[in-house]
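>>> Got a sequence here, can you build the structure:
(2 chains)
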Amino acid sequence: MSEQTVRRFADVSEGEALPARSIPVTRATLVHYAGASGDRNVIHWDERTAKAVGLPDVIAHGMWTMGAVIQLVTDWVGDAGRILDYGTRFTKPVVVPHDGGTSIDVTGTVKSLDAQTKQGVVELVVTSSGEKVLGRCRATVQLD
Amino acid sequence: MAVNEDFLGRSYPPTPPFAVGREHVRDFAEAVGASDPVHHDVEAARAAGYADLVAPPTFAVIPGQRTDRQFVADPEAGVDYTRVVHGEQRFTHHRPIVAGDELRGILHIDAVRAAGGHQMITMRSEIVDADDQPVSTSRSTIVVRGGE
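Prediction:
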């Protein structure tokens, strides 16, 4: 490893908060993600279809949300290759209105640290319009 | 139609190879807001010790879902795709995915259970590289909503 600065185990403490962020999401974001991921389900970009299957409006891909919020952790740890394990439950859909879209609010906390392996578990709290959209969202990272 | 519980414990043969391209990594990274140069700039990735561009952590969903599709699309499995909701997702990375990888997925059906009128199916895709070395384990739980 050369130019990259990976966070050191010694510099991290349990209960530490990661810098929170708010991530905007519009219909254009979802169309881009549909193309990049290959998940072209119509409910993620077409309002009429979404409503026809009982949704309030177009909803974001759960996998987009999962992929977007982990950036909080990769930026903090300093290397995307240091995410060893990452999982979540999709508890509530993120509704993305036509005008202006919406945003996802993310906070992260270091839940536990393992001195033997220099690994840490970060828990993310992910909300949109004040409602929790991901549940039990946790990543295990390898610190230096 | 209910999901066929006989599929519990079943495994599938490896999928055809999925080639991870640089532009695909860049495009996916941009779509999820992954701006780190290791996803975009080959020199930056190499300087950080990687063979090529590094895929963001959830990129594994692409080969994972291609692998999972075998079950979902299997007519004998009885999955009504219009009733499917993604319930849970977890990745265990054995090493980062990089551009140039050729990935295959081996699907295992780990759980088929009823819950509150719905069925929950947990699929595990073991993603391996061209040398059959483990890259990622993707665990997806889908919920098939019960009919009225």
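
>>> Report the separation between B:Gly146 and chain A.
In this view, B:Gly146 and chain A are 14 Å apart by Cβ to the nearest Cβ, to the nearest Å. (Each C-beta comes from the backbone N, C-alpha and C, glycine too.)

>>> separation between A:Ser37 and chain B?
A:Ser37 sits 6 Å away from chain B, going by Cβ to the nearest Cβ.

>>> burial of that residue, as a residue count?
23 (other Cβ atoms under 10 Å in any protein chain shown).

>>> Going by proximity to chain B, name the top residue of chain A.
Nearest residue of chain A to chain B, counting by Cβ to the nearest Cβ: A:Gly87, 3.0 Å away.

>>> Are there helices or strands packed against the longest helix anywhere in chain A, and which ones?
Across chain A, the longest stretch assigned as helix under DSSP state H is helix A:27-37. Under the contact criterion of 3 or more Cβ pairs under 8 Å, 6 or more residues apart in numbering or on different chains; DSSP states H and E, helix A:27-37 touches helix A:62-69, helix B:22-31.

>>> at 6 Å instead, please
Contacts defined by 3 or more Cβ pairs under 6 Å, 6 or more residues apart in numbering or on different chains; DSSP states H and E place helix A:27-37 against helix B:22-31.

>>> quick one, the longest helix of chain A and helix A:62-69 angle?
100 degrees (axes from the mean of the first three to the mean of the last three Cα atoms, to 10 degrees).

>>> distance between helix A:27-37 and the chain's centre?
Between the mean C-alpha location of helix A:27-37 and the chain-wide mean there is a distance of 15 Å, by Cα atoms, centre = their mean, to the nearest Å.

>>> Could you give the bridge partners of the nearest residue to B:Ala130 once chain neighbours are set aside?
Leaving out its chain neighbours, the residue that sits closest to B:Ala130 by Cβ to Cβ, 6 or more residues apart in numbering or on different chains is B:Glu102, at 4.4 Å. Counting by DSSP bridges, B:Glu102 is bridged to B:Ala19.

>>> tell me the pLDDT at B:Glu102?
pLDDT, B:Glu102: 98.
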